[in-house]
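K.L.:
Predicted structure and sequence below. I'll ask about it afterward.
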Amino acid sequence: MASSIVFGTTLEPECQPLAEVAARLAKRLSAPLRLVHVCEDPRAPIVLGTDEEHLLGTVRTDLGREAERLRATTGAEVHVHLAGGTVVDALVSVARFELASMLVVGGSETANAFLGTTAERVARQSPVPALTLRAPARLRSWLQGARPLRVLVGADLGRASAAARAFACGLGAVGPVDVEVVFVASPLEAHQRLGLPAPTSDQHLSTEAEAALLRDLQRSGAANETAVRHRVVAARGSADAHLASLADQGDFDLVVVGQRRNSLLEQLWYGSVARGVLRSAPVSVACIPPGPSSARPLFREPRTVLVATDFTEVGARAVAQALGVVAAQGTVHLAHVMLAASSEAQARQNREAAWDALSRLSTTEDVNRSGRLERHVLEGAPADQLLALADRTGADLIVLGARSHSAVTRALLGSVAQAISERARVPVLLVPVTAA
């Protein structure tokens, strides 16, 4: 049997349709529903479970009746839990004790100016996926087999986003789902990171930038995302407002976002996409905490390798290494970063010389003819230019020659290899020069 689903009920009539959705979801997952009511009467923590419990009125009887109603209407296995104290702490505590697979709450209350709604606080503290229900008829029709569930996943390339994508795809075990993974990107930031010219508009990505972002979005997904649609949306400002708007315009039934483990102060200061979506989305929202980071990483043979050369012995060894490790039918991107020139004429001459040297290098016998070799002449700060090129090309590996510098030289001049190693998002292979 699957771990339980925890649902927090107010026992008010407007909460009943939400409870039915939670019960039907538990039924489809063959999991018990833990129906929780938190009594906020200050006497509750003292009198619950004692002979003085009558001071709280008929709350336990009402909770039992609601459980019986859910059993009769949905066929779910329902257990009750009456708690005292603060709502959020109690619900999170029950979810943690139950090793729950999901914590479900309603999302119709007005937000507290500082702390946010109960749903926001639950999402921030819950150790398990937190589902905030709105427009319950949408999910009920899916759970009754009337139609597929349309799911919008707000994604980036982080661990919380990966957990959100896995959760959305996992809903296919309950019933048919139609999942679209969307990455909301700032054109200016994306173009700067990819080392591309400034965008023509703050709401439009160049074709090259969109292709690079879409490729990264697709590659960062799990194997079970084969039937999922991926889309990059160019927009200015915070992603949460755009995701809420997309959910409304696209007639989605559920928005799924990752919930990062930031403190309340950090979320108030820096903002939180999950928090913003919870406040703005007109439909149900699932906030998914990051998955475990201890999963064993899988090795992937590098099909796209970026190697930098300065046409010295250091660069030559790096090129040889790159050609040796790239997968069959893979691609090696051979790059040279030009030094600053004193004049435009000198820069043009340097550029022509660099292209000539790269062309001669690409016709040597060392080139792996079963794959592809592409050449790039770059201008600017070497580390910035190479990292941007790695992002544009979707490199799986960066290969660099490593010189030996004294501590004083590294402190004064820095090291391109060190800078790239610290900032790269893919593995970096440093090839030393063997002393004569």
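P.N.:
That came in fine, so what should we check first?
K.L.:
Tell me the helix or strand right after the top helix by length along the chain.
P.N.:
Taking DSSP state H as the criterion, the chain has its longest helix at helix 344-361. Using DSSP states H and E, the helix or strand that follows helix 344-361 in sequence is strand 372-379.
K.L.:
Next SSE downstream of that next one?
P.N.:
The first helix or strand that comes after strand 372-379 along the chain, using DSSP H and E, is helix 382-393.
K.L.:
Only alpha carbons, please: show the helix or strand just after that next one as PDB.
P.N.:
Next helix or strand after helix 382-393 toward the C-terminus (DSSP H and E): strand 397-402. C-alpha atoms of strand 397-402 as PDB (Å, rounded to 0.1, in the frame of the first residue of the first chain):
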ATOM      1  CA  LEU A 397      32.700  18.500 -21.400                       C
ATOM      2  CA  ILE A 398      35.100  21.300 -21.500                       C
ATOM      3  CA  VAL A 399      38.800  20.500 -22.100                       C
ATOM      4  CA  LEU A 400      41.500  23.000 -21.300                       C
ATOM      5  CA  GLY A 401      45.300  22.900 -21.100                       C
ATOM      6  CA  ALA A 402      46.700  23.700 -17.700                       C
END
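K.L.:
how distant is strand 397-402 from the center of its chain?
P.N.:
For strand 397-402, the separation from the chain centroid amounts to 28 Å (computed by CA atoms, centre = their mean, to the nearest Å).
K.L.:
pLDDT of stretch 226-240, averaged?
P.N.:
The pLDDT scores in stretch 226-240 average 87.
K.L.:
re the thing from before, the longest helix of the chain - what's its average pLDDT?
P.N.:
Helix 344-361 shows a mean pLDDT of 87.
K.L.:
so what does it touch, helix or strand wise?
P.N.:
When contacts are defined as 3 or more CB pairs under 8 Å, 6 or more residues apart in numbering; DSSP states H and E, helix 344-361 sits against strand 331-338, strand 372-379. Where C-beta positions appear, they are placed from N, C-alpha and C, glycine not excepted.
K.L.:
right, and those strands - which one's nearest residue 230?
P.N.:
Nearest to residue 230 among the helices and strands packed on helix 344-361 is strand 331-338; the distance by CB to CB comes to 21.8 Å.
K.L.:
Distance to residue 284 added to the helices and strands packed on helix 344-361, as CSV?
P.N.:
Formatted as CSV, those follow (distance: least, CB to CB, whole Å):
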stretch, distance to residue 284
strand 331-338, 43
strand 372-379, 46
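K.L.:
which stretch among the ones you listed comes nearest residue 192?
P.N.:
The nearest among these, by CB to CB, is strand 372-379 at 15.1 Å.
K.L.:
ok, and for the closest one, which residues are buried?
P.N.:
Within strand 372-379, the residues scored as buried using 16 or more other CB atoms under 10 Å are 373, 375, 376, 377, 378.
K.L.:
what's it in contact with?
P.N.:
195, 330-338, 347, 351, 354-355, 358-359, 362, 367, 385-386, 389, 393 (CB atoms under 8 Å, 6 or more residues apart in numbering).
K.L.:
Give me the sheet partners of it and which way each runs.
P.N.:
When pairs are called by DSSP bridges, strand 372-379 turns out to pair with strand 331-338 (parallel).
K.L.:
If I take the partner strand and strand 397-402, what angle do their directions form?
P.N.:
Counting by axes from the mean of the first three to the mean of the last three CA atoms, to 10 degrees, strand 331-338 points 40 degrees away from the direction of strand 397-402.
K.L.:
picking up where we left off before, the helices and strands packed on helix 344-361: which one's closest to residue 74?
P.N.:
strand 331-338 (54.4 Å).
K.L.:
How far away from the center of its chain is the closest one?
P.N.:
30 Å.
K.L.:
related to what we said a few turns ago, just the buried residues out of the contacts of strand 372-379, in PyMOL syntax.
P.N.:
Only the buried members of the contacts of strand 372-379 enter the following PyMOL selection, criterion being 16+ other CB under 10 Å:
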select buried, resi 195+330+331+332+333+334+335+336+337+338+354+358+367+385+386+389+393
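K.L.:
can the helices and strands packed on helix 344-361 go into CSV with extra columns for mean pLDDT and distance to residue 225?
P.N.:
Formatted as CSV, the helices and strands packed on helix 344-361 follow (pLDDT from 0 to 100; distance: least, CB to CB, whole Å):
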stretch, mean pLDDT, distance to residue 225
strand 331-338, 93, 24
strand 372-379, 91, 27
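K.L.:
Save the buried residues of strand 372-379 as CSV, and put in distance to residue 283 too.
P.N.:
CSV is the format used below for the buried residues of strand 372-379 (distance: CB to CB, whole Å):
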residue, distance to residue 283
373, 49
375, 49
376, 45
377, 50
378, 46
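K.L.:
quick one: which of those is nearest to residue 426?
P.N.:
residue 376 (16.7 Å).
K.L.:
what is that closest one paired to in the beta sheet?
P.N.:
residue 335.
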